[in-house]
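[1] Quick one, what's the 3D model for this:
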Amino acid sequence: GPVSSVLKFEIPDELLVKRITGRLFHPGSGRSYHEEFNPPKTPMTDDETGEPLIRRSDDNEITLKKRLATFHESTHGVLSYYQNKHVLTRLDANRPIQEVTASVIKAVESAPDEAAEPVQEAAAA
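    Residues are numbered from 1 along each chain as shown. The predicted model follows:
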């Protein structure tokens, strides 16, 4: 059917870099930590097992900045398209989850009655 609402979650690239590069994981369980926002009790050590935590090899600033540049380049056109169709809502994602959730609900509930052109679905393979 027609697209009635497109949401773009906006957050400064610098903050994304800080969030991603601080991630830590326990490989055996998949538990995740963050050096600043959710640190383990003992640095680089899983709270439950005492085993070492790892950092994903692609969770580094250089790789992340390249990925973000590619993301911005590849989404610019589609965002412009939906902006021109008046169905794009930009949301400040650098807020508490409850506020972001409320913004999402408000944006979806207030979507215009006249939607953009229908999205073409890919033919089944």
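[2] Can you verify my assumption that residue 24 contacts residue 56?
    No - if you go by CB atoms under 8 Å, residue 24 and residue 56 don't touch, sitting 9.3 Å apart. For the C-beta atoms, the positions are set from N, CA and C on the backbone; glycine is no exception.
[3] ok, these two, which is more surrounded?
    Neighbour totals were compared for residue 24 and residue 56, and residue 24 leads with 22 against 12 (other CB atoms under 10 Å).
[4] Roughly how far does the more buried one sit from residue 49?
    14 Å (CB to CB, to the nearest Å).
[5] ditto for residue 56
    With CB to CB as the criterion, residue 56 and residue 49 are 19 Å apart.
[6] Now the residue of the chain positioned farthest from its centre: which helix or strand?
    Using CA atoms, centre = their mean, the residue of the chain lying farthest from its centre is residue 50. It sits 29.9 Å away. For residue 50, there is no host helix or strand (DSSP states H and E).
[7] Equivalent analysis for residue 83, please.
    Here residue 83 is assigned to helix 61-84, by DSSP H and E.
[8] tell me which residues in that helix are buried?
    Buried residues in helix 61-84, counting neighbours by 16 or more other CB atoms under 10 Å, are found at 64, 82.
[9] Identify all contacting residues around stretch 15-31.
    Identification of contacts with stretch 15-31 by CB atoms under 8 Å, 6 or more residues apart in numbering yields 32-37, 40, 44, 46-49, 51, 53-56, 59-61, 64-65, 68, 94.
[10] Could I get the average pLDDT for that stretch?
    Across stretch 15-31, pLDDT averages out at 95.
[11] Give me the buried stretch members for that stretch, please.
    For stretch 15-31, by 16+ other CB under 10 Å, it's 16, 17, 18, 20, 21, 22, 23, 24, 25, 26, 31.
[12] for stretch 39-48, same thing?
    So, applying 16+ other CB under 10 Å, buried residues of stretch 39-48: 40, 45, 46.
[13] about what we covered before: mind giving me the packing neighbours of the helix holding residue 83?
    Counting contacts by 3 or more CB pairs under 8 Å, 6 or more residues apart in numbering; DSSP states H and E, helix 61-84 packs against strand 6-10, helix 13-21.
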